[in-house]
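A.B. asks: build me a structure from this.
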Amino acid sequence: MANYYEILGVSKDATSAEIKSAFRKKARELHPDVNKAPDAEERFKELGKAYETLSNDEKRSLYDRYGEEGLSNAGYSNAGPFDFGFGDINDIFESFFGGMGGFSGGRNVDPTAPQRGHDLRLDIELDFEEAAFGVEKEIKIDHLAMCKECYGTGAEPGTKPSVCPECNGKGRVVQMTRTILGSIQQVTTCPKCGGSGQIIGTPCKKCHGEGRYEAEKNIKVKIPAGVDNNAKIRVAKEGDAGKNGGVNGDLYIVIYVKPHKEFKRDGFNVYSELSISIPQAVLGDTVVVNTIHGEKELAIPAGIEYGKILTIKNTGIPFLGHPEKRGDHLVQIKYKPPKSLNEEEKRLYKKLFEISENKKPNEKLIDKFKNAIHS
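C.D. replies: The predicted structure is shown next:
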């Protein structure tokens, strides 16, 4: 498949407005109702995929860095011909052209033709580590399943639907109304078949003539390493069953990551705080720090300032699509005076004060310092 920017005919630094404008122009040229070239439909679908990716800042960033593979690993699969988030390609044209009617208003839709099932959404919660390293989850969803008794026809086994005599299978009827301005033709849904174009004489007992029924199912889903809050995972064909033999819709899983008691996330970096003693801050030390990859040693340089951030390389969140690459662990250093001192510690602090100030310490100030420590 060609580069998404090439498909839209824009540069890599194109603005959102330029991308939107390019899509509008090419969509009118390539829509199958207008363009009768043999490859028009396929090019039209590719155009939709390109716009759906580049019009979304998060997806565009992933695509720029890792290409389609990065999108797929992040759960933004473009495998389906109409993979446009929670709707389909009609949603895009609804926003641009007031619906597909601008292209297809004169086309009759066969109500008995296969219809794709609806997409479903499920929000799930992950622990901090599960989001960082990926996990396989077994989830339970409610959906519309195809009736296995009638195989989606809605008719009792051994029977089959018949063509509606009122609309001749079209699902719509034409009504003529005479007014002072002349006759007005109005197309409405067939009242006899409800727009299905079929009459079911003996409805299936299991699905009551619907061809589908509400069911619960368990599925296993692989969450890739590196996902963050609001990431969307597309599970193809796990949505509602289609009608008239149409394909199933998709399931979209939206991720929520629970806060961690010790770590915070900033992109692919992990942030934590470390409290050290004043002697450690003055003289320096080597300490052990908790990271998501286990305990790591960290060198504290002598004379470190309060609030200084130290970095432990390659111990952060794995990159989406490239788990061998990781962010860093950022440690902010904090320290505070000791809450109590023994006699030896007091003697040493007095001595340090004398050396650093080259004078005898003020006993009243020392008493105030001791009182502050014990308060």
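A.B. asks: what ranges of the stretch 101-250 of the chain fall below the confidence cut-off?
C.D. replies: Residues of the stretch 101-250 of the chain that meet the criterion pLDDT under 70 lie in 101-109, 179-183.
A.B. asks: which residues of this structure fall in helices?
C.D. replies: Here the chain has its helices, by DSSP state H, at 4-8, 16-30, 40-54, 57-73, 89-97, 101-104, 128-133, 278-283, 343-357, 363-374.
A.B. asks: which of the ones you listed sits closest to Tyr213?
C.D. replies: Of all those, it is helix 89-97 that lies closest to Tyr213, at 26.2 Å by Cβ to Cβ. All C-beta atoms are positioned from the backbone trio N, CA, C, and that covers glycine.
A.B. asks: returning to that earlier point: can I get the helices of the chain in TSV with mean neighbour count and distance to Cys150?
C.D. replies: Compiled in TSV, the helices of the chain are given as follows (neighbours: other Cβ atoms under 10 Å; distance: least, Cβ to Cβ, whole Å):
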stretch	mean neighbour count	distance to Cys150
helix 4-8	20	42
helix 16-30	16	39
helix 40-54	20	32
helix 57-73	17	36
helix 89-97	16	29
helix 101-104	14	31
helix 128-133	20	41
helix 278-283	15	75
helix 343-357	12	85
helix 363-374	11	81
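A.B. asks: of the ones you listed, which shows the lowest average pLDDT?
C.D. replies: Lowest mean pLDDT of those: helix 101-104, a mean of 42.
A.B. asks: nearest to Lys296, out of the helices of the chain?
C.D. replies: For the helices of the chain, distance to Lys296 was read as Cβ to Cβ. The smallest value, 15.3 Å, belongs to helix 128-133.
A.B. asks: same for that closest one, what does it pack against?
C.D. replies: strand 251-257 (3 or more Cβ pairs under 8 Å, 6 or more residues apart in numbering; DSSP states H and E).
A.B. asks: quick one: contacts of stretch 6-16?
C.D. replies: Under the criterion Cβ atoms under 8 Å, 6 or more residues apart in numbering, residues 5, 18-19, 22-23, 26, 46-47, 50-51, 54-55, 64 lie in contact with stretch 6-16.
A.B. asks: what does stretch 138-146 give?
C.D. replies: Stretch 138-146 is contacted from outside by 117-118, 120, 122, 124, 152, 211-221, 238-242, 251, 253, using Cβ under 8 Å, 6+ apart.
A.B. asks: show the buried residues in these.
C.D. replies: The neighbour-count test (16 or more other Cβ atoms under 10 Å) marks 117-118, 120, 122, 152, 211-213, 221, 238-242, 251, 253 as buried among those.
A.B. asks: out of the helices of the chain, nearest to Asp228?
C.D. replies: Taking Cβ to Cβ, helix 128-133 is the member of the helices of the chain nearest to Asp228, at 6.5 Å.
A.B. asks: run the chain-centre distance for the closest one.
C.D. replies: Here helix 128-133 is found 15 Å from its chain centre; the criterion is Cα atoms, centre = their mean, to the nearest Å.
A.B. asks: follow-up on the earlier one: to Lys205, which of the helices of the chain lies closest?
C.D. replies: Per Cβ to Cβ, nearest to Lys205 of the helices of the chain: helix 89-97, 34.6 Å.
A.B. asks: could I get the helices of the chain in CSV, plus columns for distance to Cys204?
C.D. replies: Shown next, in CSV, are those (distance: least, Cβ to Cβ, whole Å):
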stretch, distance to Cys204
helix 4-8, 45
helix 16-30, 41
helix 40-54, 35
helix 57-73, 39
helix 89-97, 30
helix 101-104, 32
helix 128-133, 42
helix 278-283, 76
helix 343-357, 85
helix 363-374, 81
